[in-house]
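[1] Show me how the following folds:
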Amino acid sequence: MGVNSYKIYKAFYQLNFKKRFKKLINVLSIASILAVVIYCYKFAFTYADYFLILVMTFAIGIIFEINLPKLDSNRCVSFLGKWSTYIYFSHWTVRLVLPIIFKEKTYEELLPIYVFASLAYSLLIYFVSILLNNMFRHIKKKVII
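    This is a model prediction of the structure:
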């Protein structure tokens, strides 16, 4: 999703739109993201996931193009891009463990915990991987020297 959003951002960045059209498409993109979030909250288990992901991908790409014209050099966006990989790889662990811990809670009750725990767990994994990567680089330099 992130790679495709970036490609959409790049494609839209090269086009020159009028300011009114940019505002309209920005509002539509934000509205579509809100619609996807509300739909996912109302219908937790659905077969429309791939369509919803496609809508979110286009909306995010368009929002970045309109609001962040210098996306390549933005440190915050760069961090979020790197962190998104860790979120992607770690969120299913949280999704698997939380229903075991909180057996009596429903999906709707666990949803805020899912989001927070996924973000916190992925951030922990992100920083641990940076630490391990730096440690291995340091060891590699010592071995080579």
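
[2] From here on, just use CA atoms for contacts and neighbour counts.
    Will do.

[3] quick one: the residue nearest the centre of the chain from S78, how far?
    Nearest to the mean C-alpha position of the chain, counting by C-alpha atoms, centre = their mean, stands S84 at 4.9 Å. Relative to S78, S84 is positioned 10 Å away (C-alpha to C-alpha, to the nearest Å).

[4] before we move on, which element is the residue nearest to the centre of the chain in?
    In this structure, S84 sits in helix 75-101 according to DSSP states H and E.

[5] how far is that helix from where the chain is centred?
    8 Å (C-alpha atoms, centre = their mean, to the nearest Å).

[6] Which strands and helices lie in contact with it?
    Under the contact definition 3 or more C-alpha pairs under 8 Å, 6 or more residues apart in numbering; DSSP states H and E, helix 75-101 sits against helix 107-144.

[7] so for the helix holding S84, what's the average pLDDT?
    For helix 75-101, the mean per-residue pLDDT is 83.

[8] and that helix with helix 107-144, angle?
    Between helix 75-101 and helix 107-144, the angle comes out at 120 degrees (axes from the mean of the first three to the mean of the last three C-alpha atoms, to 10 degrees).

[9] What residues sit buried inside helix 75-101?
    83-84, 86-87, 90-91, 94-95 (16 or more other C-alpha atoms under 10 Å).

[10] Compile these into CSV and extend it with columns for distance to F136.
    Below are the buried residues of helix 75-101 laid out as CSV (distance: C-alpha to C-alpha, whole Å):
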residue, distance to F136
W83, 20
S84, 23
Y86, 19
I87, 23
S90, 22
H91, 26
V94, 28
R95, 31
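
[11] Can you tell me which of these is nearest N26?
    S84 (22.5 Å; C-alpha to C-alpha).

[12] what's the nearest residue to I30 if we skip its chain neighbours?
    A59 (7.0 Å; C-alpha to C-alpha, 6 or more residues apart in numbering).
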